[in-house]
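> Return atomic coordinates for the entry below.
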Amino acid sequence: MEKWAPAHGMTVEEAARKVPEHIGISRYGTPEEVADLMAYLVSPAARWLTGTSVRIDGGEIKGI
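Coordinates of the predicted model:
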């Protein structure tokens, strides 16, 4: 954010408010949401997941 804001003529505070809308997400994720994914990945429920990347970006990247 510290580099993006000046490059777009904004303060860091302005950029922090405007970036979610600019990149197409409704809000920033919370640490708890990231922790929920991590808990799933280390649980027995994820035993069939191997060699993959999981994006946790709030839908910024559109895909299936």
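> List of residues touching the host helix or strand of E13?
Element membership of E13 [criterion: DSSP states H and E] is helix 12-23. The contact list for helix 12-23 (CB atoms under 8 Å, 6 or more residues apart in numbering) reads M1, E2, W4, A5, H8, M10, S26, R27, Y28, G58, E60. C-beta coordinates here come from the backbone N, C-alpha and C atoms, glycine included.
> Follow the chain on from that helix and name the next helix or strand.
Criterion used, DSSP H and E; the element after helix 12-23 is helix 31-41.
> Compute the number of surrounding residues for the residue nearest to H8 when sequence neighbours are not counted.
Spatially, and ignoring its direct neighbours in sequence, H8 is nearest to A15 (6.8 Å; CB to CB, 6 or more residues apart in numbering). Residues near A15, counting by other CB atoms under 10 Å, number 19.
> Would you quantify the distance from the residue nearest to R27 when sequence neighbours are not counted to G51?
Once flanking residues are discounted, R27 sits nearest to P20: 5.7 Å by CB to CB, 6+ apart. Noted for P20: a distance of 31 Å to G51, by CB to CB, to the nearest Å.
> who's more crowded, these two?
Each of P20 and G51 has its neighbours counted (other CB under 10 Å); P20 has more, 14 against 4.
> Quick check: pLDDT value at the spatially most distant residue from the centre of the chain.
Relative to the mean C-alpha coordinate of the chain, counting by CA atoms, centre = their mean, the farthest residue is P44 (24.4 Å). Confidence at P44, expressed as pLDDT, is 96.
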